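This is a predicted model, with the sequence first.
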Amino acid sequence: MTKIILLDAVGTLFDVRGSVGEIYQQFASEWGVDISPVTVNKAFFESFKAAPPMAFPEAELAKIPDLEFEWWCQIAAETYKKVGVLEQFSDFRKFFSELYDYFATAAPWFVYPDVIPALTKWRDSGIKLAVLSNFDSRLYPVLSALNLVDFFSDITISTEVGAAKPDRKIFAAALQKYNCTIEEVLHIGDSLTADYEGAINVGIKAFLLNRNTVSQPEVNQFATLLDCSNCHFI
């Protein structure tokens, strides 16, 4: 019987309204920089995928917010460089600071419609819920702004652990917070590598949340959290 469900954040509980490219274009236009949202969106995900894991082993806790900012600033700079407009910003760090703070609010995010019904069902059945994410410390205000934070007993993020999914260390860090056996834990996320395979490799049951394709019988794959909540494993 599952006693604890660990859930990924972005792509599982909530996601970006429209696209990252649209937001990057909107903010750039306010600084007089003209770009295509489709082009900048493609450049962003290329830069994001090429970046090292967002984890800072042995970093002092007080320095983590600055390290997170610099990590994202580098990705943004690479993004705008790829589309040939980086030099057009009169003060890129000031521009990026405004963009970075925006993503700490509710404005750029939406909660998937199946999330609150599923979380409510699990909570009411006595299952503890926790977040396990490769997001940065802005996750705390975002979850609060989206009215999700009260569902969770704990939040574990890669920047504070010093390791990012699928690294075993971040799963171990989450498990240490609970007095339960590994057989009583389930992880749900939208990444095959980071979430599903990462959890399976440490012995945790896992569901893959894929909102875009039909479930495949060879993996525990579902289209919504409500579909997950109806599974007999829980």
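Looks like it came in fine.

In the chain, which helix is the longest?
helix 64-82 (DSSP state H).

and it, how far from the chain's centre?
16 Å (C-alpha atoms, centre = their mean, to the nearest Å).

hmm, who's touching that helix?
24, 28, 33, 35, 40, 43-44, 46-48, 50-51, 54, 56, 59, 86, 89, 92-93, 96-97, 99-100, 136-138, 159-160 (C-beta atoms under 8 Å, 6 or more residues apart in numbering). The way it works is simple: take the backbone N, C-alpha and C, and place the C-beta from them, glycine included.

CA atoms only for it, dumped as PDB, please.
C-alpha atoms of helix 64-82 as PDB (Å, rounded to 0.1, in the frame of the first residue of the first chain):
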ATOM      1  CA  ILE A  64      22.200  28.900  -3.500                       C
ATOM      2  CA  PRO A  65      19.800  31.600  -4.600                       C
ATOM      3  CA  ASP A  66      22.700  33.500  -6.300                       C
ATOM      4  CA  LEU A  67      23.900  30.300  -7.900                       C
ATOM      5  CA  GLU A  68      20.400  29.500  -9.200                       C
ATOM      6  CA  PHE A  69      20.200  33.000 -10.700                       C
ATOM      7  CA  GLU A  70      23.500  32.700 -12.400                       C
ATOM      8  CA  TRP A  71      22.600  29.200 -13.800                       C
ATOM      9  CA  TRP A  72      19.400  30.600 -15.400                       C
ATOM     10  CA  CYS A  73      21.100  33.800 -16.500                       C
ATOM     11  CA  GLN A  74      23.600  31.800 -18.500                       C
ATOM     12  CA  ILE A  75      20.800  29.800 -20.200                       C
ATOM     13  CA  ALA A  76      18.900  33.000 -21.000                       C
ATOM     14  CA  ALA A  77      22.100  34.600 -22.400                       C
ATOM     15  CA  GLU A  78      22.800  31.600 -24.500                       C
ATOM     16  CA  THR A  79      19.200  31.700 -25.800                       C
ATOM     17  CA  TYR A  80      19.300  35.300 -26.900                       C
ATOM     18  CA  LYS A  81      22.800  34.800 -28.300                       C
ATOM     19  CA  LYS A  82      21.600  31.900 -30.500                       C
END
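
re the thing from before, just the buried residues of the contacts of helix 64-82.
24, 28, 33, 35, 40, 43-44, 47, 54, 56, 89, 92, 96, 99-100, 136-138, 159-160 (16 or more other C-beta atoms under 10 Å).
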